[in-house]
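A.B. asks: How does the following fold in three dimensions:
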Amino acid sequence: MKIGNNMDINTLQSLFYQRFNNQGTIYTSPGRVNLIGEHTDYNGGFVFPGAIDKGIYACIRLNDLDRVRAYSIDYDQYTEFSLREEDKPAEHWACYIFGVCREIQKRGYTVHGFDTVFCGDVPLGAGMSSSAALESTFAFALNDLLHLNIDKFELARIGQSTEHNYCGVKCGIMDQFASLFGKAGNLMRLNCATMEYEYFPFNPKGYKVVLLDTVVKHELASSAYNKRRESCENACRHIAARHPEVKFLSDADMAMLNEVKAEISEEDYLRAEYVIGEKQRVLDVCDALQRGDYKTVGDRMYGTHYGMSKLYEVSCAELDFLNDVAKECGVTGSRVMGGGFGGCTINLVKEELYDNFIATAKTKFSAKFGHEPKIYDVVISNGARKIDVS
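C.D. replies: Numbers count the residues shown, from 1 in each chain. Okay, the predicted model is just below:
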């Protein structure tokens, strides 16, 4: 089973044995795409993600030590750390593993030391949530190995809390939810306020889903991401003062937002306008998919890109350029995907237009920015699981 560049399950097991002189168990969790519904999760709105056929793969075995011994194949780095709060490791990638362990402990469970070797084929910084895949892999694995019986929603919250408390990103729940609950051939509509979810079959005949990676690395931990969250929370507070039933910004409508327009900054107003509009776009796409109406799906995707670029201001020149090329090539739908500030566009492309779109995007993007975008075809796949290698 291939799990990345020059890597397969047997190689992962061999590397684990070479380092720890023992056999381990293989676990994996996927990255995700989000067809529509961006920056809505922490605003109590709807998201519409699916797990993909790219993820993190870890070989893990409990040890008799009060320590975690971890080797990252992709970074070619090894570290050890204990599980006390003051022993947070220096390596950024290891903070995700440490944070998962600590968040499990905070919930009253005992976490034993373990050895691990891991790698992944989720492109870093491309908006496919490699960090959530890493958190979900270890949360799912420890839950299984230690027989903790934590439900998958709580495992998702453990990953989210890891981001908040150990990695400096005040993210919502979508990425971890998608990585844990993913189901092949299905997207998932999640109400982030109530955590109610529903699977929607997604196998659009005659279309491909393809990501075009700008190779611009976003930094979600930067002040820009958290500042937008603060804008949304501020707008919500002003609306809730007049409408106590509004608990999240996604509970509000444009009439409510306009009532407080004079009380908040123009920037906060624009951020809130995007979020309120995005909630309706998700619902429109769900309805359109049930009718097989991919034109509406695509129109709403373009609408999301406009909102993320002009209202939420989390796009960049490279992403806007790829979105414009998609329109020129007749692509059904295209938008920036993920937190923004770089990363990928997600594109819903008719198969007969695919080759021309990719060739045109590579040529025009390279002429303007000096390098080609990376191309990732994605398949909607299953969520976190143990891999039986027998």
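A.B. asks: quick one: average pLDDT of the helix or strand where I52 lies?
C.D. replies: Assigned by DSSP states H and E, I52 falls within strand 49-62. What strand 49-62 shows for mean pLDDT is 96.
A.B. asks: Restrict it to CA atoms and write it as PDB.
C.D. replies: In PDB, the C-alpha atoms belonging to strand 49-62 read as follows (Å, rounded to 0.1, in the frame of the first residue of the first chain):
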ATOM      1  CA  PRO A  49     -16.100  18.800   3.900                       C
ATOM      2  CA  GLY A  50     -14.900  15.300   2.800                       C
ATOM      3  CA  ALA A  51     -12.000  13.200   3.700                       C
ATOM      4  CA  ILE A  52      -9.500  12.600   0.900                       C
ATOM      5  CA  ASP A  53      -7.100   9.900  -0.200                       C
ATOM      6  CA  LYS A  54      -4.100  11.600   1.300                       C
ATOM      7  CA  GLY A  55      -3.200  11.500   5.000                       C
ATOM      8  CA  ILE A  56      -0.800  10.800   7.900                       C
ATOM      9  CA  TYR A  57       0.400   7.300   8.500                       C
ATOM     10  CA  ALA A  58       1.900   6.300  11.900                       C
ATOM     11  CA  CYS A  59       3.500   3.100  13.200                       C
ATOM     12  CA  ILE A  60       2.900   3.100  17.000                       C
ATOM     13  CA  ARG A  61       3.700   0.900  19.900                       C
ATOM     14  CA  LEU A  62       3.300   1.500  23.600                       C
END
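A.B. asks: packing partners for the helix or strand following it?
C.D. replies: Downstream of strand 49-62, the next assigned helix or strand under DSSP H and E is strand 68-72. The helices and strands touching strand 68-72, judged by 3 or more Cβ pairs under 8 Å, 6 or more residues apart in numbering; DSSP states H and E, are helix 9-20, strand 77-81, helix 92-106, strand 114-120. For the C-beta atoms, the positions are set from N, CA and C on the backbone; glycine is no exception.
A.B. asks: Next, format these as JSON lines and append mean pLDDT, distance to M174 and mean neighbour count.
C.D. replies: Formatted as JSON lines, the helices and strands packed on strand 68-72 follow (pLDDT from 0 to 100; distance: least, Cβ to Cβ, whole Å; neighbours: other Cβ atoms under 10 Å):
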{"stretch": "helix 9-20", "mean pLDDT": "95", "distance to M174": "28", "mean neighbour count": "16"}
{"stretch": "strand 77-81", "mean pLDDT": "97", "distance to M174": "28", "mean neighbour count": "15"}
{"stretch": "helix 92-106", "mean pLDDT": "97", "distance to M174": "17", "mean neighbour count": "21"}
{"stretch": "strand 114-120", "mean pLDDT": "97", "distance to M174": "19", "mean neighbour count": "24"}
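A.B. asks: need the ones you listed in CSV with distance to T28, can you?
C.D. replies: Output for the helices and strands packed on strand 68-72, formatted as CSV (distance: least, Cβ to Cβ, whole Å):
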stretch, distance to T28
helix 9-20, 9
strand 77-81, 20
helix 92-106, 15
strand 114-120, 9
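A.B. asks: And those: which comes nearest E263?
C.D. replies: Closest approach to E263 among these is made by helix 92-106 (37.0 Å; Cβ to Cβ).
A.B. asks: tell me the angle that closest one makes with strand 114-120.
C.D. replies: 130 degrees (axes from the mean of the first three to the mean of the last three Cα atoms, to 10 degrees).
A.B. asks: what helices or strands is helix 92-106 leaning on?
C.D. replies: strand 68-72, strand 77-81, helix 130-145, helix 152-166.
A.B. asks: Between these, which one is closest to V275.
C.D. replies: helix 152-166 (18.7 Å).
A.B. asks: Counting neighbours, show which residues of the closest one come out buried.
C.D. replies: Within helix 152-166, the residues that count as buried by 16 or more other Cβ atoms under 10 Å are K152, E154, L155, A156, R157, I158, G159, Q160, S161, T162, E163, Y166.
A.B. asks: what about the nearest residue to G343 once chain neighbours are set aside, which SS state?
C.D. replies: Setting aside the residues directly before and after it, G343 is nearest to G127 in space (Cβ to Cβ, 6 or more residues apart in numbering), at 3.3 Å. Recorded secondary structure, G127: coil (DSSP: H, G, I helix; E, B strand; the rest coil).
A.B. asks: From T345, how far out is G127?
C.D. replies: As defined by Cβ to Cβ, to the nearest Å, G127 lies at a distance of 9 Å from T345.
A.B. asks: Overlap in contacts, those two.
C.D. replies: Both G127 and T345 are contacted by L211, V336, M337, under the criterion Cβ atoms under 8 Å, 6 or more residues apart in numbering.
A.B. asks: mind putting those in a markdown table, secondary structure and neighbour count included?
C.D. replies: Listed next are the shared contacts of G127 and T345 as a markdown table, based on DSSP: H, G, I helix; E, B strand; the rest coil; neighbours: other Cβ atoms under 10 Å:
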| residue | secondary structure | neighbour count |
| --- | --- | --- |
| L211 | strand | 24 |
| V336 | strand | 31 |
| M337 | strand | 28 |
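A.B. asks: So P89 is in contact with Q77, correct?
C.D. replies: No - look at P89 against Q77 with Cβ atoms under 8 Å: they stay out of range, at 10.1 Å.
A.B. asks: T25: neighbour count?
C.D. replies: T25 has 18 neighbours, counted by other Cβ atoms under 10 Å.
A.B. asks: Looking at it now. What's its pLDDT?
C.D. replies: On pLDDT, T25 comes in at 97.
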